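Student: Need the 3D shape of this:
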Amino acid sequence: MDVESRQGPKGDSMAAASEVSVDWRGRPCSPHKHGGMKAAVFVLGIQAFEMMAIAAVGNNLITYVFNEMHFPLSKSANIVTNFIGTVFLLSLLGGFLSDSYLGSFWTMLIFGFVELSGFILLAVQAHLPQLRPPACDMMAAAAAGGSCEEAGGVKAGIFFAALYLVALGSGCLKPNIIAHGADQFQRGGGDDGGDGKRLSSYFNAAYFSFCVGELVALTVLVWVQTRSGMDVGFGVSAAAMAAGLVSLVAGVVFYRNKPPQGSIFTPIAKVFVAAVTKRKQVCPSSSTAASQAVIPAGGGTHGGPVRRINKFRFLDKACVKAQDGRRGGGGDGGKESAWRLCTPAEVEQVKVLLCVVPIFACTIVFNTILAQLQTFSVQQGSAMDTRLAASFHVPPASLQAIPYLVLIALVPAYEAGFVPAMRRATGVDTGITPLQRIGVGLFAVTFSMVAAALVEAHRRRAALAGDGGGRLLSIFWIAPQFLVFGMSEMFTAVGLIEFFYKQSLAGMQAFLTSMTYCSYSFGFYLSSVLVSLVNKVTSSNGAGAGGWLSDNGLNKDRLDLFYWLLAALSLLNFFNYLFWSRWYSKSVETVQVAGVGGGGGGGEQQEEKGVSEINMGH
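Tutor: Numbers count the residues shown, from 1 in each chain. A predicted model of the protein is given here:
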């Protein structure tokens with residue numbers, strides 16, 4: 001279905017048409033047969049199974065890369081963080097393809113099979129010895145002053161091909177899972193005002209589903225990998241991915257599908273081209289710009305009142321008619337072309353995109369900390385006493401299941417207890433605004449790295465006590481750092497997804513949601529840069545022969561100091577976030593304009609006005 005993006009009546013049709021939903025046969029949806037939680041349940045199914053599959057690989061991948069492929073520890077950590085970073089960076093591709101050309105359902109189905117093929121190839125390589133380097137104990141070789149043969153050539157090629165098939169599939173799948181599930185709920189006002197609360201509940205349910213998938217991956221699947229081998233573990237991940245695809249297809253008759261509308265970048269490009277073309281025009285006043293925003297209900301950011309950004313005023317020139325008599329339409333009575341005259345809705349959407357960039361940037365350090373919990377903290381656990389009983393050892397990667405055990409209880413409690421209580425106190429439908437929720441998480445995550453640094457310093461002292469014959473601490477000493485991070489992630493991750501989804505015009509939800517995952521990507525890439533930079537700086541300062549993180553043994557490294565560095569960066573990042581959240585709240589005005597229904601808009605106004613409340617008492 002093609003939707004025109006033009007000014008005037010045709011431009012208005014864009015906003016209206018973009019709200020059209022169709023069933024799997026392309027027919028208009030029935031509100032009684034399609035959408036709602038009954039359809040979202042199937043999407044939650046693929047959310048849980050896909051997370052189960054990818055988490056089982058990602059969270060224990062460093063063990064496989066280090067022990068089986070024989071890459072050095074710092075390089076192994078970078079391989080893992082680059083892989084996970086690529087997964088999330090590719091989410092931008094998935095969001096673009098979905099909104100522009102394929103639709104969320106077909107994007108999920110196609111790239112779900114791509115991800116499945118990657119899992120199968122990983123399982124084949126892990127099962128066949130001739131596709132891996134000769135068996136060798138990396139720790140023993142390092143202690144003896146030797147080294148193991150590192151994977152290279154065809155073996156490394158097969159490994160990276162499989163790994164990045166998984167990355168491509170998972171990356172393109174993730175934003176569409178969230179967006180497609182959220183699309184099952186009406187976003188406008190009107191008679192269905194309850195869907196605003198149901199949408200927020202869906203985001204919490206999606207995070208609960210995510211936690212269930214993570215928990216199963218970090219307990220059952222990691223235990224299978226440890227006990228039965230990585231080949232069986234990768235095979236189980238493939239089976240979980242296949243089950244997720246079955247869940248996706250099973251709900252096809254219930255889905256509300258948003259048709260793709262052509263390249264989502266074209267309207268954005270038009271705004272910049274029109275603004276530059278009319279750079280000599282007089283910039284309109286706030287009242288003028290607001291009065292021009294006469295668009296039907298649903299044409300705003302979230303239905304009802306229209307968000308207006310009082311920053312980037314030069315872009316307002318894109319929706320001002322030419323005053324010099326020159327027109328770009330040619331031969332049609334002076335009508336301007338779409339590349340010279342945009343709708344106010346298109347201009348405001350571009351300004352929203354520019355305004356959310358600082359919020360997006362403030363979550364990168366948060367995800368850099370996540371990278372440490374999936375790499376160095378796993379190796380930290382490997383250097384501790386993993387015995388739970390005489391005959392049972394806890395896989396180090398399984399410690400990441402601790403926060404998810406708690407969160408499976410906390411998320412329903414948050415939805416059933418915290419949200420209603422805060423709703424009565426604040427008047428905001430979701431209890432606290434998405435930006436406030438993000439801020440709480442960014443503040444709390446600092447204490448995860450504080451706990452990690454204290455425990456690592458204690459572990460290292462204990463291990464080196466008495467001429468190197470010290471004792472091993474129990475692996476459960478590192479549980480607090482995972483627990484604190486999990487609680488902070490419940491606030492930050494869900495708040496960020498909800499925030500980005502609610503900023504977009506209909507037809508851009510998957511792409512805006514993908515920006516959430518892009519933050520994960522930059523966080524993991526920043527982790528790789530920090531590891532290399534810290535090694536270089538600390539080595540040149542004489543803090544060790546090769547720096548804080550250069551050796552393959554944690555007793556020689558100074559991981560505790562690296563954790564303290566991350567804690568300091570996290571705290572500085574939180575104060576940076578306070579500045580930009582206040583800046584954003586002062587940038588957004590919610591206006592009611594002629595021809596726009598007011599239903600469903602109050603919650604959005606409350607959210608924007610409540611943003612600055614995160615500023616500790618302001």
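
Student: how about the strands of the stretch 201-350 of the chain, start to end?
Tutor: Along the stretch 201-350 of the chain, the segments classed as strands by DSSP state E, counting those that start in this stretch run 306-309.

Student: which stretches of it form helices?
Tutor: 222-228, 230-250, 265-277, 286-292, 344-361 (DSSP state H, counting those that start in this stretch).

Student: Output those helices as a markdown table; include the columns mean neighbour count.
Tutor: Where you see a C-beta, it was placed from the backbone N, CA and C, and this is true even at glycine. A markdown table is the format used below for those (neighbours: other C-beta atoms under 10 Å):
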| stretch | mean neighbour count |
| --- | --- |
| helix 222-228 | 19 |
| helix 230-250 | 21 |
| helix 265-277 | 18 |
| helix 286-292 | 16 |
| helix 344-361 | 21 |
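
Student: Please identify which of these is closest to residue 316.
Tutor: Nearest to residue 316 among the helices of the stretch 201-350 of the chain is helix 286-292 (5.1 Å), distances taken as C-beta to C-beta.

Student: tell me the mean pLDDT for the closest one?
Tutor: Summarised as a single mean, pLDDT over helix 286-292 is 45.

Student: Keeping just the C-alphas, turn stretch 494-514 into CSV.
Tutor: Output in CSV follows, covering the C-alpha atoms of stretch 494-514 (Å, rounded to 0.1, in the frame of the first residue of the first chain):
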residue,chain,number,x,y,z
VAL,A,494,11.7,-0.6,29.3
GLY,A,495,11.7,3.1,29.8
LEU,A,496,13.8,3.6,26.7
ILE,A,497,11.7,1.3,24.5
GLU,A,498,8.5,3.0,25.6
PHE,A,499,10.0,6.5,25.1
PHE,A,500,11.2,5.9,21.6
TYR,A,501,8.0,4.1,20.5
LYS,A,502,5.9,7.0,21.6
GLN,A,503,8.0,9.6,19.8
SER,A,504,7.3,8.4,16.3
LEU,A,505,4.6,9.0,13.7
ALA,A,506,2.8,5.9,12.6
GLY,A,507,4.9,4.1,10.1
MET,A,508,8.2,4.7,11.9
GLN,A,509,7.7,2.7,15.1
ALA,A,510,10.1,-0.2,14.2
PHE,A,511,12.9,2.2,13.2
LEU,A,512,12.5,4.4,16.3
THR,A,513,12.4,1.2,18.4
SER,A,514,15.6,0.1,16.7
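
Student: on that earlier part again, any chance of the helices of the stretch 201-350 of the chain in TSV, plus distance to residue 318?
Tutor: TSV is the format used below for the helices of the stretch 201-350 of the chain (distance: least, C-beta to C-beta, whole Å):
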stretch	distance to residue 318
helix 222-228	52
helix 230-250	39
helix 265-277	4
helix 286-292	11
helix 344-361	5
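
Student: Out of the ones you listed, which is closest to residue 175?
Tutor: helix 344-361 (13.6 Å).

Student: and residue 400, that one's in a strand?
Tutor: No - going by DSSP: H, G, I helix; E, B strand; the rest coil, the assignment for residue 400 is helix, not a strand.

Student: Find the centremost residue of this structure, please.
Tutor: Taking C-alpha atoms, centre = their mean as the criterion, residue 517 is the residue nearest the geometric centre of the chain, at 2.6 Å.

Student: Going along the chain, name the strands of the protein.
Tutor: Here the chain has its strands, by DSSP state E, at 306-309, 387-389, 392-393, 588-591.

Student: In the stretch 451-600 of the chain, where is pLDDT below threshold?
Tutor: 466-470, 504-507, 540-546, 550-553, 589-600 (pLDDT under 70).

Student: would you list every one of the helices in it?
Tutor: For the stretch 451-600 of the chain, the helices defined by DSSP H, counting those that start in this stretch cover 479-503, 509-540, 559-587.

Student: So which elements touch the last one?
Tutor: Secondary structure elements in contact with helix 559-587, counted by 3 or more C-beta pairs under 8 Å, 6 or more residues apart in numbering; DSSP states H and E, are helix 344-361, helix 364-374, helix 376-382, helix 434-444, helix 446-464, helix 509-540.

Student: I'd like to know which of the helices of the stretch 451-600 of the chain lies nearest to residue 42.
Tutor: For residue 42, the closest of the helices of the stretch 451-600 of the chain is helix 509-540, at 17.3 Å, according to C-beta to C-beta.

Student: returning to what we had before: I'd like the helices and strands packed on helix 559-587 written out as a markdown table, with distance to residue 150 added.
Tutor: Below are the helices and strands packed on helix 559-587 laid out as a markdown table (distance: least, C-beta to C-beta, whole Å):
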| stretch | distance to residue 150 |
| --- | --- |
| helix 344-361 | 36 |
| helix 364-374 | 22 |
| helix 376-382 | 18 |
| helix 434-444 | 38 |
| helix 446-464 | 27 |
| helix 509-540 | 18 |
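
Student: Could you point out which of those helices sits nearest residue 400?
Tutor: Closest among the helices and strands packed on helix 559-587, using C-beta to C-beta: helix 364-374, at 6.5 Å.

Student: what residues does that closest one touch?
Tutor: Helix 364-374 is touched from outside by 58-59, 62, 80-81, 84, 400, 441-442, 445, 448-449, 452, 481-482, 485, 488-489, 492, 519-520, 522-524, 526-527, 530, 562-563, 566, 569-570, 573, with contacts defined as C-beta atoms under 8 Å, 6 or more residues apart in numbering.

Student: Quick one, which of those residues are buried?
Tutor: If you count burial by 16 or more other C-beta atoms under 10 Å, the buried members of the contacts of helix 364-374 come out as 58-59, 62, 80-81, 84, 400, 441-442, 445, 448-449, 452, 481-482, 485, 488-489, 492, 519-520, 522-524, 526-527, 530, 562-563, 566, 569-570, 573.
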